[in-house]
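Undergrad: Here is a sequence with its predicted model. Questions after.
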Amino acid sequence: MKKDKIFINVIRAAIVAGFLILWEIAAVNNWVSIYYTSKPSEIILDLINFTTSGELMKHASITLKEALTGLFYGSIIGISAGLIFGQFSTIGKIFTPIITAIHGIPQLTLAPVYILWFGIGFASKVFLAGLMTFFSVFFSTYNAILTMEQNLIESASLLGAKKYQILLHVVLPTCTPWIIAGVRTGLGASLVGAIVGEYMGASAGFGWMVAYATSYFNIKRVMSCIVILLLVGIVMNAGLDRIEKILLRWRTQTSLSIETKNESKC
């Protein structure tokens, strides 16, 4: 297992390094215009300057605070709504089409409205990030409940389990993989929501920085922000992977080759 992980990491690093080398060569030889793409060497230097100047921590702390706050509230409300709609089917039938219709509206078009409602401060970014997270988590949770085996609930009920016991010991464990998948999607959605909000109106944050750098055709700073957001996404997903392994120790991982392995051994 460790050898497989090392091999996969080496191949992954080689692909990324090869892409960066080809990008640098293409930029140096004018195969691509650095006016539109910059080049890795300039981006690295800008990242160093971005970090040492203190701007990175300033903008990162603002965007991450907005995104994580929205992720937290959006996940809690999404899971709660999914459980309630699953428990009371009539409520689910009434409100799910309405939520689906709202979800179908591109949130970018409504961002100016949210700015008007909540101002250009922290609240509007959190609301947008939380709303985009809510949709992902809610639909994952609700669909998990609708598709879970009824026999599990019936068996627990026959054994004398009460409703809250069925919820805690049957429904939630069964739906956990779906919920985590929704939260994983919500990670990216919360960052997008925070950044879109900063595009619409802000004085700091990565969204504001990208808009500001673009207005001055500072493509290397734009690329630097993209690299940082990429790294943030990797770190956040790695943290979620650890949580998933702890919560889903019982689950086996399968592949099309019909090989199975227990995740707790990985």
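TA: Good, I have the coordinates. Just so it is clear, the structure is predicted and the values come from calculations on it, not from any experiment.
Undergrad: Every contact and neighbour count from this point should use C-alpha atoms.
TA: Will do.
Undergrad: buried set for stretch 217-233?
TA: Neighbour-count burial for stretch 217-233 flags 218, 219, 220, 221, 222, 223, 224, 225, 229, 232 (criterion: 16 or more other C-alpha atoms under 10 Å).
Undergrad: lowest average confidence, helix or strand, in this structure?
TA: Using mean pLDDT, DSSP states H and E, the weakest-scoring helix or strand in the chain turns out to be strand 260-262, at a mean of 50.
Undergrad: For the stretch 51-200 of the chain, which residues score under the pLDDT cut-off?
TA: Regions of the stretch 51-200 of the chain meeting the criterion pLDDT under 70 are absent.
Undergrad: The same query, at a cut-off of 90, please.
TA: For the stretch 51-200 of the chain, applying pLDDT under 90 flags the ranges 51-63, 82-96, 99-125, 128, 141-189, 191-200.
Undergrad: Show me where it has its helices.
TA: According to DSSP state H, counting those that start in this stretch, the stretch 51-200 of the chain carries its helices in the segments 55-87, 89-103, 107-118, 122-147, 150-158, 163-166, 172-200.
Undergrad: Show me what the third one is packed up against.
TA: Under the contact criterion of 3 or more C-alpha pairs under 8 Å, 6 or more residues apart in numbering; DSSP states H and E, helix 107-118 touches helix 122-147, helix 172-200.
Undergrad: Could you do the last one as well?
TA: Of the remaining helices and strands, those touching helix 172-200 by 3+ C-alpha pairs under 8 Å, 6+ apart are helix 55-87, helix 107-118, helix 122-147, helix 206-215, helix 219-247.
Undergrad: Ok, the shortest one next?
TA: Contacts defined by 3+ C-alpha pairs under 8 Å, 6+ apart place helix 163-166 against helix 150-158.
Undergrad: now the angle between helix 172-200 and the helix it packs on, please.
TA: 120 degrees (axes from the mean of the first three to the mean of the last three C-alpha atoms, to 10 degrees).
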